[in-house]
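Colleague: pasting the structure only:
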């Protein structure tokens, strides 16, 4: 029986004659290597191998740290994973799980998200939520800003241990990944930054350069303005006591803190 079934007698005959000529030494090595009978299978195998490598490196490979994100991914790709910790009101740690449940994460052996802090060391991405600025928590001996504990608690309740998708823009000066983040709540996916602003738990990021909003800047500003009018969250703080996160950090820098 011919294989493949669709092959013709002529093709089978040519293949047999080619093999006989190789065995008899009639064909030189160069002629063998450059013959269609060798070149075509080699090209197919090489192309398939390269395609498999590209697919793995771009869509299957787990990215353990920020430094291992390909520059070509920024502004073009998103990363899916589980939030393992929330360290401040506007940033968190993400354990990358490419492909999610379809690729076995959460149910296949060896595809579990670690829960112990020691098992997560150097295995998570530090994500900074784009376009928002939450009150500063106490760090390195610095005083906590009013409203910081409430913002931190809100973000923990909203995303900790949840699967989220981060639309990545760039690395910042602290080697965090600036990204718009979405989390599923019921039947809908919610933009985390937008929901923070609506709840009055953050302000618009005020820096003149480096601010990232994706396509949501208008919605972000409208959400901040509404929360401010309603005096909810950090906007409920007395006007005499309230200071924006941006101004708070600027004041710390001016005092050399």
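Modeller: On my side now, so go ahead. Treat the numbers as computed from the prediction; the structure is a model and nothing was measured. Residues are numbered from 1 along each chain as shown.

Colleague: ok, which stretches of the stretch 101-250 of the chain are helices?
Modeller: Applying DSSP state H, counting those that start in this stretch to the stretch 101-250 of the chain gives helices spanning 148-159, 192-198, 217-230, 245-254.

Colleague: What's the mean pLDDT across the first one?
Modeller: So that's helix 148-159. Helix 148-159 carries an average pLDDT of 96.

Colleague: picking that back up, and the helices of the stretch 101-250 of the chain, which one is worst for confidence?
Modeller: Among the helices of the stretch 101-250 of the chain, helix 245-254 scores lowest, with a mean of 74.

Colleague: What are the buried residues along that helix?
Modeller: Buried residues in helix 245-254, counted by 16 or more other CB atoms under 10 Å: 245, 248, 249. C-beta: built from backbone N, CA, C; applies to glycine.

Colleague: Nearest to residue 122 among those residues?
Modeller: residue 249 (27.5 Å; CB to CB).

Colleague: Would you mind measuring from that closest one to residue 231?
Modeller: Look at residue 249 and residue 231: by CB to CB, to the nearest Å, they are 23 Å apart.

Colleague: all strands for the stretch 101-250 of the chain, in order.
Modeller: Ranges of strands in the stretch 101-250 of the chain, per DSSP state E, counting those that start in this stretch, are 125-129, 132-133, 163-171, 177-185, 188-191, 203-204.

Colleague: Tell me which of those strands is the most buried.
Modeller: Compared across the strands of the stretch 101-250 of the chain, strand 132-133 shows the largest average neighbour count, a mean of 26 (mean count of other CB atoms under 10 Å).

Colleague: chain center to that strand: distance?
Modeller: Relative to its parent chain, strand 132-133 has a centroid offset of 19 Å by CA atoms, centre = their mean, to the nearest Å.

Colleague: Please apply the same query to stretch 121-138.
Modeller: With CA atoms, centre = their mean, you get 13 Å for stretch 121-138.

Colleague: And for stretch 226-240?
Modeller: 32 Å.
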